[in-house]
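**Student:** Turn this into a structure:
(one chain, ligands or ions: 3)
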Amino acid sequence: MEIKAVAASITEVPFGAVVVNLFEGVKEPGGATGAVDEALDGAITSLIADGEIKGKKGELTLIHTLGKLPSARVVIVGLGKQADFNAEVVREVTASSSRYLRKLGIAKGATITHGAGIGGLDPEASAQAMAEGAYLGLYTFKKYFSKKDDDAKTLDEFHLVEQDAAKLPALQAGIERGRIVAEAALLARDLVNEPASVMTPTKMSEVAQEVAQQHGLEVEILDTQRMEELGMGMLLAVAKGSHQPPKMIVLRYLGDPDNADNNLGLVGKGITFDSGGISLKSAGGMWEMKGDMSGAASVIGAMQAIAQLKPRLNVTAIAPCTENMPGGSAQRPGDVIKAMNGKTAEVDNTDAEGRLILADALSYARSLNLKRLVDVATLTGAISIALGDQAIGGFTNNQALYEKVAEAGAKAGERIWQLPMYPEYKDQIKSDIADVKNTGGRGAGSITAALFLAEFSEDTPWVHLDIAGTFMSSKEKGYKVKGATGTPVRTLVNLALDLGG
Ligand code: BES
Ligand code: MN
Ligand code: ZN
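**Tutor:** Ligands and ions are numbered 1, 2, ... in the order given. Just a heads-up that it's a prediction; the model follows:
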């Protein structure tokens, strides 16, 4: 699908449908919606008067124009209350209205820019949010259906119609940026939606190499031998149970080559399938663990966008990738393992494997002299108990960096909620036989997991994002569709842009 900004009046363009909007409570629409209403002899005003159109967020109303406009149909999308309006609303309503056009079988549609009028957003921000909403909302993953329906409905062209030609450059810039960040999130969705039989650690490393080649990033893949040399005993211990060789993906973007310390490290958990290992998970819902590499997918996706948007900052992505399987050589509960930074852990539960592979990835990140670290991981089921699917769990050893990450998330519409890391919780991960234990009992499971990671980020400013509640969606809603969400790719991109701005 292509989104184009065009200078024209919404009442003059000839498309299958044009989308206009309405804030909740408005009785007589103005602007572009008002012009369309007038051309339709007040049809919209009278539907409002009859109570059929309320303007509630996401509400969709279809009107056939019967020759009164060059376009055959008008779709009125509700923007909700004006006081609650922001870029996230633009993403959501653009997603639902573009999906609606697709469902109607409209190949070429047009829309006005939501929010650039009385909404008070600047045109570039509106256009970016619209592009993100449309690309993310129209996403499908259908490659495994045997019947390829050639006449599947697709929205091929979506025209952003703007009367004021002076605004076109800003709209085009916004569309371009929105496309880049949305495509990065869609790459992450694709990787997560792939079955684990396909998206192995080796396949992940091949994808990373392709991204690097296409977008001019440096890439390095550490293999088992290199991991052994570096002493990555925790990552290797998890990998032992699988026939798939582990891979540590390293992607580098050099945006400030003269200033090596101006850098950011993005670390993503890449468990391509989490069976639990010897501490085997129960069968129900285990399929979702094909997405336990969502953190890795997010950092790879983010790097793709960063390479194109070029912030003045050096960014290194590190994605430790392995399966967690219960093979004959698998690690056992009770084993003691050692990370690259020399610290030891007692394996209490082989299903707490994410923190083990991240221990070595964080140690490795520190050895590369990375000055700020953000890790992304589907780390704990407990974070879904705490926050459901409405927020990412955030943890930090550095409040200033945390605030930057949280703000980047808020701008992306990817909410992050901070949980405490009180030192008293550390008692829960004390071991009788090693420096730490990889589980902390029933209470505060997400926090004790974060405290385990903190042993390996040590004194480097670090934020941990637990995305176990948000990496998949069980339903279509706003710009999310069923399956992988691609969170928090856009947050990571915003962060790199903010730090390198
Ligand atoms: N990958 C899981 C966490 C998870 C659960 C992600 C549900 C997405 C959805 C992680 O490796 C895990 O198994 N964590 C255990 C930790 C426990 C054994 C301390 C958990 O949350 O139960
Ligand atoms: Mn696990
Ligand atoms: Zn896991």
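**Student:** how about stretch 199-208 as PDB, C-alpha atoms only?
**Tutor:** The C-alpha trace of stretch 199-208 is given here as PDB (Å, rounded to 0.1, in the frame of the first residue of the first chain):
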ATOM      1  CA  MET A 199      12.600 -18.700  12.900                       C
ATOM      2  CA  THR A 200      15.600 -20.500  14.400                       C
ATOM      3  CA  PRO A 201      18.600 -18.700  15.900                       C
ATOM      4  CA  THR A 202      20.400 -19.300  12.600                       C
ATOM      5  CA  LYS A 203      17.500 -17.800  10.600                       C
ATOM      6  CA  MET A 204      17.400 -14.800  13.000                       C
ATOM      7  CA  SER A 205      21.100 -14.200  12.300                       C
ATOM      8  CA  GLU A 206      20.400 -14.400   8.500                       C
ATOM      9  CA  VAL A 207      17.600 -11.900   8.800                       C
ATOM     10  CA  ALA A 208      19.900  -9.600  10.700                       C
END
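**Student:** hmm, who's touching that stretch?
**Tutor:** 191-192, 194, 219, 221, 244-247, 249, 251, 270, 272, 290, 293, 296-297, 300, 319, 321-323 (Cβ atoms under 8 Å, 6 or more residues apart in numbering). Yep, even glycine has a C-beta here, placed from its N, CA and C like the rest.
**Student:** Ligand 3 contacts on this protein?
**Tutor:** Residues of the chain lying close to ligand 3 by Cβ under 5 Å from the ion are I271, D274, D292, G354.
**Student:** Which of these are buried, as a PyMOL select command?
**Tutor:** In PyMOL, this line selects whichever of the residues of the chain next to ligand 3 come out buried by 16 or more other Cβ atoms under 10 Å:
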select buried, resi 271+274+292+354
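**Student:** how about JSON lines for the residues of the chain next to ligand 3, with pLDDT, distance to ligand 1 and secondary structure added?
**Tutor:** Below are the residues of the chain next to ligand 3 laid out as JSON lines (pLDDT from 0 to 100; distance: Cβ to the nearest ligand atom, whole Å; DSSP: H, G, I helix; E, B strand; the rest coil):
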{"residue": "I271", "pLDDT": "99", "distance to ligand 1": "6", "secondary structure": "strand"}
{"residue": "D274", "pLDDT": "99", "distance to ligand 1": "5", "secondary structure": "strand"}
{"residue": "D292", "pLDDT": "99", "distance to ligand 1": "4", "secondary structure": "coil"}
{"residue": "G354", "pLDDT": "99", "distance to ligand 1": "4", "secondary structure": "helix"}
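**Student:** so which of the residues of the chain next to ligand 3 comes closest to V405?
**Tutor:** Closest approach to V405 among the residues of the chain next to ligand 3 (Cβ to Cβ): G354, at 19.0 Å.
**Student:** Quickly note the distance from that closest one to K310.
**Tutor:** 31 Å (Cβ to Cβ, to the nearest Å).
**Student:** now I10
**Tutor:** Noted for I10: a distance of 34 Å to K310, by Cβ to Cβ.
**Student:** For stretch 87-94, give me every contacting residue.
**Tutor:** Stretch 87-94 is contacted from outside by 21, 57-58, 77-80, 111, 114-115, 119, 121, 125-126, 128-130, 132-134, 136-137, 411, 413, 478-479, using Cβ under 8 Å, 6+ apart.
**Student:** and L79, what does it touch?
**Tutor:** Applying Cβ under 8 Å, 6+ apart, the residues contacting L79 are N21, L22, F23, E24, G55, K57, F85, V89, V93, H114, G115, G119.
**Student:** Check A182 too.
**Tutor:** Going by Cβ under 8 Å, 6+ apart, A182 touches A131, E132, A134, Y135, L136.
**Student:** what's the neighbour count on the nearest residue in space to the third one that is not next to it in sequence?
**Tutor:** Going back to what we said before, that points to A134. In this structure, A134 finds its nearest non-sequential neighbour in S98, 4.5 Å apart by Cβ to Cβ, 6 or more residues apart in numbering. When neighbours are defined as other Cβ atoms under 10 Å, S98 has 28 of them.
**Student:** which SSE is S98 in?
**Tutor:** Following DSSP states H and E, the helix or strand that holds S98 is helix 87-103.
**Student:** Switch the contacts of L79 over to a markdown table; also include secondary structure, pLDDT and neighbour count.
**Tutor:** Shown next, in a markdown table, are the contacts of L79 (DSSP: H, G, I helix; E, B strand; the rest coil; pLDDT from 0 to 100; neighbours: other Cβ atoms under 10 Å):
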| residue | secondary structure | pLDDT | neighbour count |
| --- | --- | --- | --- |
| N21 | strand | 98 | 27 |
| L22 | strand | 98 | 25 |
| F23 | strand | 97 | 20 |
| E24 | coil | 98 | 18 |
| G55 | coil | 98 | 22 |
| K57 | coil | 98 | 18 |
| F85 | coil | 97 | 21 |
| V89 | helix | 98 | 24 |
| V93 | helix | 98 | 30 |
| H114 | coil | 96 | 28 |
| G115 | coil | 90 | 25 |
| G119 | coil | 85 | 19 |
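**Student:** now V18, which residues is it bridged with?
**Tutor:** Taking DSSP bridges, one obtains V74, A110 as the residues bridged to V18.
**Student:** That one contacts T111, correct?
**Tutor:** Yes - assessed by Cβ atoms under 8 Å, V18 is found in contact with T111 at 6.9 Å.
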